[in-house]
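Colleague: Take a look and give me a structure for this.
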Amino acid sequence: MLRESRCQLADISIATTEFGSVSDSDYSIVYLHGWLDNAASFTTTMHAVHQLNPKLHQCAVDLPGHGLSSHKEAGNYYPFHDYIDDLHQFLAILSPNKLLLVGHSLGALIASCYSAAFPEQVAALIQIEGNGPLAESSEYSLSRLRGGITSRRRIRSKPARQFSSLNEMIARRAELNHVSAEQIAPIVQRGSQPAEHGWQLRHDRKLQSDSLYRMSPAHADEIRQHIVCPQLVILGSNGYPSLQQVSDTLADVVVLDGGHHCHLEQPEQVALEILALVNKI
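Modeller: Numbers count the residues shown, from 1 in each chain. Okay, the predicted model is just below:
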């Protein structure tokens, strides 16, 4: 049965959902969700994996500032490098088992960088709608820096949005993410809370500020080339166009029907791909 857990890191409390037991399995599958999503992003996939192999230990994480995890201190704007430190702390506590990382979007970025930096820790990697760290030409460095700073000012001066009902929030997210209300509802439910005039999102609003920095293509290539474990990239047929040509990776590539949240649309197929990789390692 799916259960809720918490883990205390050095300066933050992390919420998780889990199937199975560390002691009953040789493998731990750790799921890392995308930006402004949460652990519920993988609930249907975890159920599908559990039905096929109930002995496997699975754990989906609410990244800091998301879902039911704590928010970081007021001055922290969640640069992605800090997520790698958070993940390293978490994994040291979670499990001594062989580790399979499954990341979607932002989660794929984090998982890929961690797999390259700590190859001894990761037995296999799956990136869903992701292929290593985001990168752009250095000519955009100053415009990105300026844009990131001004976005912080905009967020500080703007009141949090409130919705009239939970159903309104679900309908809005379904429209934005091009999935059904039923598919997105668990993420919205976990990531929202009652407010004075209705409902509001639970995540830390600072997450919505633009990044101040992005790696150069050379930096990103170096990281991708140092992922030595078996790996798979899963793309949606209608996902992000920039990912459709995956030529600079050593990973196998599978394309599923669906968009950027193809794991919500095809959880059984994603579960089969996860178990195929578990068998490979």
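Colleague: What segments of the stretch 51-200 of the chain are strands?
Modeller: Under the criterion DSSP state E, counting those that start in this stretch, the stretch 51-200 of the chain contains strands at 57-61, 98-104, 124-128, 192-195, 198-201.
Colleague: hey, which of these is tucked in deepest?
Modeller: Ranked by mean neighbour count under mean count of other CB atoms under 10 Å, the strands of the stretch 51-200 of the chain are led by strand 124-128, which reaches a mean of 27. For every residue, glycine as well, the C-beta is placed using N, CA and C.
Colleague: what angle sits between it and strand 98-104?
Modeller: Counting by axes from the mean of the first three to the mean of the last three CA atoms, to 10 degrees, strand 124-128 lies at 10 degrees to strand 98-104.
Colleague: neighbours around residue 20, how many?
Modeller: 23 (other CB atoms under 10 Å).
Colleague: Check the closest residue to it other than its chain neighbours and give its pLDDT.
Modeller: Nearest residue to residue 20, sequence neighbours excluded (CB to CB, 6 or more residues apart in numbering): residue 57, at 4.1 Å. pLDDT, residue 57: 97.
Colleague: Quick check: residue 57 vs residue 118, distance?
Modeller: In this view, residue 57 and residue 118 are 19 Å apart by CB to CB, to the nearest Å.
Colleague: so what's the residue lying closest to residue 147 once chain neighbours are set aside up against?
Modeller: Ranked by CB to CB, 6+ apart and with sequence neighbours excluded, the top spatial neighbour of residue 147 is residue 210, at 5.3 Å. The contact partners of residue 210, by CB atoms under 8 Å, 6 or more residues apart in numbering, come to 144, 147-148, 151.
Colleague: again, only using 7 Å
Modeller: Taking CB atoms under 7 Å, 6 or more residues apart in numbering, we find residue 210 in contact with 147-148, 151.
Colleague: likewise residue 49?
Modeller: Residues counted as contacts of residue 49 (CB under 7 Å, 6+ apart) are 56, 58, 271, 274-275.
Colleague: now with 10 Å?
Modeller: 19-20, 29, 31, 42, 56, 58, 102, 267-268, 270-272, 274-275, 278 (CB atoms under 10 Å, 6 or more residues apart in numbering).
Colleague: now, which of those lie within helices?
Modeller: Within these, residues falling in helices by DSSP state H are 267-268, 270-272, 274-275, 278.
Colleague: which one among those gets closest to residue 214?
Modeller: Among the ones in helices among the contacts of residue 49, residue 270 lies closest to residue 214 (CB to CB), at 27.7 Å.
Colleague: surely the closest one meets residue 129?
Modeller: No. Contact between residue 270 and residue 129 fails when scored by CB atoms under 10 Å: they sit 11.2 Å apart.
Colleague: what do those two both touch?
Modeller: Contact criterion CB under 10 Å, 6+ apart; residues shared by residue 270 and residue 129: 104, 234, 256, 258, 262-263.
Colleague: of all those, which comes closest to residue 190?
Modeller: Using CB to CB, the shared contacts of residue 270 and residue 129 come closest to residue 190 at residue 104, 14.9 Å.
Colleague: can you tell me how far the closest one sits from residue 41?
Modeller: Taking CB to CB as the criterion, residue 104 is separated from residue 41 by 6 Å.
Colleague: And for residue 207?
Modeller: According to CB to CB, residue 207 and residue 41 sit 15 Å apart.
Colleague: Those two: which is more packed in?
Modeller: Between residue 207 and residue 41, counted using other CB under 10 Å, the more crowded position is residue 41 (29 against 19).
Colleague: nearest spatial neighbour of the more buried one, skipping sequence neighbours?
Modeller: residue 33 (4.1 Å).
Colleague: Then residue 164?
Modeller: residue 198 (4.8 Å).
Colleague: which residues touch that neighbour?
Modeller: For residue 198, the contacting residues are 161-166, 168-169, by CB under 10 Å, 6+ apart.
Colleague: Summarise which helices and strands the strand or helix carrying residue 17 is packed against.
Modeller: Following DSSP states H and E, one finds residue 17 within strand 13-19. Strand 13-19 is packed against strand 3-8, strand 27-32, helix 43-52, strand 57-61, helix 80-94, with contacts defined by 3 or more CB pairs under 10 Å, 6 or more residues apart in numbering; DSSP states H and E.
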